[in-house]
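Asker: Please find the sequence and the predicted model below.
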Amino acid sequence: MVRLFGLGAGLVFVIALLWGAVQPREAVVPDPVKAIHLHPEQVKFSHDGAMGVFGTFDRAQLQRGYQVYKEVCSACHGLERVAFRNLQDIGFSAEEVRALARAKEVPSIDPRTGEPSTRPALPADRIPGPFINEVQARAANNNALPPDLSLIVKARHDGQNYVYSLLTGYDRPVPAGHDVPPGLNFNPYFHSVNIAMARPLQDDQITYADGTKATTDQMARDVTTFLRWAAEPELEKRRQIGVASVIFLTILSFLAFLTYRKVWANIPH
Amino acid sequence: MSFSWANQYQPQNPFMQWVDSRLPLPRLVYNAVGAGYPVPRNINYMYNFGVLAGVALMVQIITGIVLAMHFSAHIDTAFDSVEHIMRDVNSGWMLRYMHMNGASFFFIVVYFHIFRGLYYGSYKAPREVVWMLGVVIFLLMMATAFMGYVLPWGQMSFWGAQVITSLFSAIPLVGEAIRTWLVGGFAPDNATLTRFFSLHYVLPFVILGVVILKIWALHIPGSTNPTGVDVQGPQDTLPFHPYFTAKDFFTLCLYLLIFAAIVFFAPNFLGHPDNYIPANNLSTPALIVPEWYFWPFYAILRAFTVDFLFVPAKLWGVIAMFASILLLFFLPWLDSSRVKSTAYRPMYRIWFWVLVVDVIILAWVGGAPAAEPYVRISQLASAYYFAHFLILLPLLSMIEKPLPMPNSIAESVLAKVQKKGGNTAGLTAPVAPGAVAAPAE
């Protein structure tokens, strides 16, 4: 009975599916953007050592990256999940962090009147963004919304290479036949290849405190490294525990295997 | 337990005697996972995935309980609280990556476990209830995993919830009302998140309960084995402890090794980047895909593109997706072959591996965009899936000539060992209960 019913149900499903499979398909309209769009360039970063899974951040590079963020990106992009105190992880001293925080104002309440006001930020505060809300952000950016950068490296496919490629992808020539709408810029690494953000990095735009030459490529690498840290502040610790765990479990597996062999010695199976 | 030669619990320690005579919990453990449970001596490594699935469930429950202490089930704060766990909670990133990847690993071992059951006929009499409880666990796991994926309230969480709950709207007449009732509104919102959190917390304990029932049911006939021949006497079995505890511990270490490598070196490899973007009901992702372990079923759902027999395509997809899992309940009766092990079924063996490849193809097209050639491949692969279980399997049982089988497990082991020129002393002499066990030093 089950088999008979099953046979009937099976035939119905199979016929319905095959009937669908033999239907003619609508002609696919080729998407011109797909032909122009590029997959991120594969870049080697100093913190992704052997096999791309080991390695630690270069503190000087992280600080340069923070400088690029602070002097360039932060004009439009927030970094709302990173607190000033977190900057100690990239090599700033507690005193430097306090000074960095003090330079920014954050919303507060006047303790005497109860009126909304501002106060200098403390190390425990999150880094304040450039806009108070989305409406203000869009109003200032021709209705485009600059995304928060705290998670950008994790929130894009092949994120690290994507951020670097996007930042350095503005000098590509516009392919013939492709019209860039007014107010947008051509960048083949962006999903729609027309991006609202204008080219953010130019050679020698900033002066690095450590004397490194600020080429577009250098700044893009530095800020990408910084954003990788911002997205995965646990990265170094994670890899460190990972190496210890893998070594421990490899030895334990080996011992467990020997135990298994010992227990099963002379047991036919 | 049902084997007369099983070791009996005889506590030597006066304290254990005292406990055993008042609350026989040590006896229960001894009979369930100790020396009191005889297991076929010839089971291979494929039989280790059941224990691994149990461990995976416990890892999910333990990490999940701690994560729930830091999670905030509200649409305004859920995403932030997950990032709080990742950045501010001590080792929070480790807990969350373990939980996130633990779900994937749970499904990986369960898929191995299911295909092992299919290969060795573990669903056949007298283990039908064991198999059906397993299908219940699988369904509960899918519901739990789906609701868990919604909790971080990222883009894929939100749009995944939107797509999956809208499946119910395909039901004629009452579909829309059911969907509204399930979601708690006309679209996923705070009411959805809070109920999913509540259910996501409770369902794993329901799974645990069904797991206990399943182990209980399993211990009546005991495990199958690669020969498919029933256990006949003490020469066919070994006590669970120390033999299979030692073997399970070894594979557990290997499992944890692979798990650690993913958790610590590639924790987002199995995830989708869009779920690191907070949910936005005004911005639809370019491609909405569920987690990888749903891809075969997602492929079946989307494979129906035309209305057929006055039933709309969408409803066909929903019926077929549920049918593709529910048909597993009927497997013990669809396959009427008395031969359990596929090793002795020359025709079914070929179709078994075709099914494995078919499910892998379904997974591949399930994660791909709904465009050609993926749609047509998914239609053909889905057609094979149903044909395999509902047409081929019943027919094969009728026409197939099984290969000659060994008379007993001991005989097959003896033949194997003699071929290798090994020691067969443990098998040739009649053995006293449990005496096969050479004491482990």
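Answerer: Yes, it's here. Residues are numbered from 1 along each chain as shown, chains lettered A, B, ... in the order given.
Asker: Show me what residue of the stretch 51-200 of chain B gets nearest to chain A.
Answerer: As assessed by Cβ to the nearest Cβ, chain A sits closest to B:Trp93 within the stretch 51-200 of chain B, at 4.4 Å. Backbone N, C-alpha and C define where each C-beta goes, glycine included.
Asker: could you list every residue that touches that residue?
Answerer: Neighbouring residues of B:Trp93 by Cβ atoms under 8 Å, 6 or more residues apart in numbering or on different chains: A:Glu234, A:Arg238, B:Ile85, B:Met86, B:Arg87.
Asker: And the pLDDT at it?
Answerer: We have a pLDDT of 97 for B:Trp93.
Asker: Packing partners of the strand or helix carrying A:Ser165?
Answerer: If you go by DSSP states H and E, A:Ser165 is part of helix A:159-168. In this structure, helix A:159-168 packs against helix A:216-231, with contacts taken as 3 or more Cβ pairs under 8 Å, 6 or more residues apart in numbering or on different chains; DSSP states H and E.
Asker: can you give me the offset of the helix it packs on from its chain's centre?
Answerer: 10 Å (Cα atoms, centre = their mean, to the nearest Å).
Asker: Stretch A:4-16 near chain B at all?
Answerer: Yes: residues of stretch A:4-16 are located near chain B by Cβ under 8 Å from any Cβ of the partner chain, namely A:Gly6, A:Leu7, A:Ala9, A:Gly10, A:Leu11, A:Val12, A:Phe13, A:Val14, A:Ile15, A:Ala16.
Asker: State which one residue of the stretch 151-300 of chain B is found closest to chain A.
Answerer: B:Phe264 (2.6 Å).
Asker: Skipping its backbone neighbours, what lies nearest the residue most central in space within chain B in space?
Answerer: For chain B, the residue nearest the mean C-alpha position is B:Val110 (2.7 Å; Cα atoms, centre = their mean). Computed as Cβ to Cβ, 6 or more residues apart in numbering or on different chains, the closest residue to B:Val110 that is not its neighbour in sequence is B:Ala53, at 5.3 Å.
Asker: Near that neighbour, how many other residues are there?
Answerer: 24 (other Cβ atoms under 10 Å in any protein chain shown).
Asker: What of the one 4 residues further on?
Answerer: As a burial measure, B:Leu57 scores 20 neighbours (other Cβ under 10 Å).
Asker: And the next helix or strand past whichever helix or strand it is part of?
Answerer: For B:Leu57, the host element (DSSP H and E) is helix B:49-70. Downstream of helix B:49-70, the first helix or strand assigned by DSSP H and E is helix B:78-87.
Asker: what's the angle between the following helix or strand past that following helix and helix B:49-70?
Answerer: Going down the chain from helix B:78-87, the next helix or strand is helix B:92-119, by DSSP H and E. If you take axes from the mean of the first three to the mean of the last three Cα atoms, to 10 degrees, helix B:92-119 sits at 150 degrees to helix B:49-70.
Asker: any idea whether B:Val163 is helix, strand or coil?
Answerer: Three-state call for B:Val163 (DSSP: H, G, I helix; E, B strand; the rest coil): helix.
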